[in-house]
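Student: pasting a predicted model and its sequence here:
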Amino acid sequence: MNPKNRVLLLSFGLFLITTIADPINLYDPINIPKFSALTIISTPMIYDLIWNLIIFNKRINHKIVILILSFICWLLLITLVSKMNLIDSLYGVSGRHTGLITYLALSMCMLYVFYISGRELNLSIIKVLLGTGYFSAIYGLLQIFNKDPFDWINPYSKVFGLFGNPNFHSSFMALSALSAVTIIVSKTGSNLIQFLSWIYVPIAILNIYYSKSLQGFLGLAAGLTLIIYFKVIQGKYHKFKPLYISFIALGTIAVCLDIFQKSPWGPKLYKESVSFRGDFWRAGVNITEGNPLFGVGMDGYRDSYRQFRDVIATNRNYSVMVDSAHNIFLDISSGGGIPLMLIYLCIQLLVVISFLKLVKRAQNDMVINGIFTCWVVYQLQSLISINQIGIAVWGWTLGGSIIGYEIQSRKSAEESPVLTNPLPLSKNYLALFISMAIGIIITIPVWKADADFRNAFASGNVNRIVTVATKWPQSATKMNLASSVLRQNGYEKEALMIARKTVEINPYNFEAWQELSMFTSLTPPEKIKIGKTMKQLDPLNPTLP
């Protein structure tokens, strides 16, 4: 591909992955479409990287390449040794879909951006972030004014954009608002782009406000603080740098004390969810300590949480089922062990080092400063949030652009990792089409299974529900739901068959054994086995003997 097509592929991919949703056909209308889009978009990137990088490009010894390849190799090893169901290992668990395929695709996005990096790409990324933000914000406005054309089933705030959760929508509004601020302060783009940037900031803030999620306001405040530092303090007011840094430090401490209820004043930012997040974090640490080398498998946190939670978490709510540590670093360490987390940390550290090198060269470029600011805000939200694919793709992409731009902007052109275009155009497009088709083939099973599941329940046909629930690729979450609904409606025989099948394909899922224990037709030996297994999977549960 030529450079323009590469930027077009990336730009279209970022927009599609962030905004795609399917509330008409799918039971999971958010995560499966974003997972599918990420997978399909990343496959031509993989082709382009392999062909140009390995065959025609000798510059493959960059630190980020080594780190990404190490990250992927460890992911593959984890998949081989994990006790998780292979389907969950590859596709991730229902409601998350952050398994091997997702992390492989995210890694490829980062590596791809690294190799096509440059100032023009940086500008494109900022503009695409703004455009994607506009699309999401306009949909958020429809929700604010009760004009949403779709009837979502959502227990949260009515304003959740295209992310299925107000926290994710709020965080993305902050990221996209910071892209608008970057365009404004860098004075890049046409007059129209400048005008749209000015208009967008209040629209994004309105979305954050009505989402009722503090994550957006905290992220926006942190980002604006950093942009002010780059724009003002590094300029003519540099003598106030120590004072401003002290102000930032005190503000950060005050916010943390308030959130964790340690402030001398009444907390303003604390929410009950903070306490629950603490429970999830401690469980993530315990899982990592108990499985330090390989973890429990990517997305394996769900089936390990009950076993590794502490007394405080159990006493707070023993019936809680959670599928994420609500901290991406802990999700990675619990899923892939300490080695994977260390590699991930090294990747993030390389982003920081690359940016500091740019600053040291006195390249006070507000566009790259804005990209770094958005990356920092992504990292901050990743400390308290779930790895949502529509937002995660921006974190990996922004990081790759910073590392690549640092190398690309060096004086020596030989140090710049520029992809070549060795194939004739016709063959190139054919290969890209084939690679994208492979991505589609990979995603079809999980997409079709989810659509069939929704349609089966809508039909009310018992035999159809049984067939769809037990058909490959199975999902323990959906099978538990199918069994529960059938059992409660008097179809115990069919429900029992599904329940037995669920514990067979996923013997580590507590909810599956819990559902199986509900049947009255179980034999005494079966009841004893189920009770022992449930106690092993949830040892602190006070309701279990």
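Tutor: Arrived safely, thanks for sending.
Student: export only the CA atoms of stretch 97-115, formatted as CSV.
Tutor: Backbone C-alpha positions of stretch 97-115 (Å, rounded to 0.1, in the frame of the first residue of the first chain) are rendered in CSV as follows:
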residue,chain,number,x,y,z
HIS,A,97,-14.0,-10.3,24.3
THR,A,98,-10.5,-9.3,25.3
GLY,A,99,-8.8,-12.6,24.7
LEU,A,100,-5.8,-13.6,22.6
ILE,A,101,-7.2,-12.3,19.3
THR,A,102,-8.0,-8.9,20.7
TYR,A,103,-4.6,-8.3,22.2
LEU,A,104,-2.9,-9.6,19.1
ALA,A,105,-4.9,-7.1,17.0
LEU,A,106,-4.2,-4.2,19.4
SER,A,107,-0.5,-5.1,19.3
MET,A,108,-0.6,-5.1,15.5
CYS,A,109,-2.3,-1.7,15.5
MET,A,110,0.5,-0.2,17.6
LEU,A,111,3.2,-1.8,15.5
TYR,A,112,1.6,-0.6,12.3
VAL,A,113,1.3,3.0,13.5
PHE,A,114,4.9,2.8,14.6
TYR,A,115,6.0,2.0,11.1
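Student: and stretch 94-101, how far apart are its ends?
Tutor: For stretch 94-101, the first and last residues are 14 Å from each other (Cα to Cα, to the nearest Å).
Student: quick one: mean pLDDT over it.
Tutor: With pLDDT averaged residue by residue, stretch 94-101 scores 93.
Student: toward the C-terminus, what is the element adjacent to the host helix or strand of residue 177?
Tutor: Secondary structure assignment for residue 177, by DSSP states H and E: helix 166-186. As assigned by DSSP H and E, the chain's next helix or strand after helix 166-186 is helix 191-211.
Student: quick check: angle from that following helix to helix 166-186?
Tutor: In terms of direction (axes from the mean of the first three to the mean of the last three Cα atoms, to 10 degrees), helix 191-211 departs from helix 166-186 by 150 degrees.
Student: count the neighbours of residue 359 for me.
Tutor: When neighbours are counted by other Cβ atoms under 10 Å, residue 359 registers 15. (Glycine included, C-beta is placed from N, CA and C.)
Student: secondary structure element holding it?
Tutor: Secondary structure from DSSP H and E places residue 359 in helix 328-360.
Student: by contact count, what packs against the very next helix or strand once past that helix?
Tutor: Once the chain leaves helix 328-360, the next helix or strand it forms, by DSSP H and E, is helix 366-382. Helix 366-382 makes packing contacts with helix 119-144, helix 166-186, helix 214-228, helix 328-360, helix 389-408 when contacts are defined by 3 or more Cβ pairs under 8 Å, 6 or more residues apart in numbering; DSSP states H and E.
Student: on the three-state scheme, residue 160 is what?
Tutor: Using DSSP: H, G, I helix; E, B strand; the rest coil, the three-state assignment for residue 160 comes out as coil.
Student: mind listing what it touches?
Tutor: Residue 160 makes contact with 140, 143, 152, 154, 166, 168-169, 211 under the criterion Cβ atoms under 8 Å, 6 or more residues apart in numbering.
Student: what's the weakest-modelled helix or strand in this protein?
Tutor: helix 241-259 (a mean of 74; mean pLDDT, DSSP states H and E).
Student: for stretch 507-521, measure first residue to last.
Tutor: Taking Cα to Cα, the first and last residues of stretch 507-521 lie 20 Å apart.
Student: the chain should start at 49 in everything you say after this.
Tutor: In the new count, where the first residue is 49, that last one comes out as stretch 555-569.
Student: next, the buried residues of that stretch.
Tutor: Judged by neighbour count (16 or more other Cβ atoms under 10 Å), stretch 555-569 contains these buried residues: 556-567.
Student: stretch 485-494 too?
Tutor: Neighbour-count burial for stretch 485-494 [16+ other Cβ under 10 Å]: 486-487, 490-491, 494.
Student: picking up where we left off before, nearest to residue 549, of the helices and strands packed on helix 414-430?
Tutor: Residue 549 lies closest to helix 376-408 among the helices and strands packed on helix 414-430, at 25.3 Å (Cβ to Cβ).
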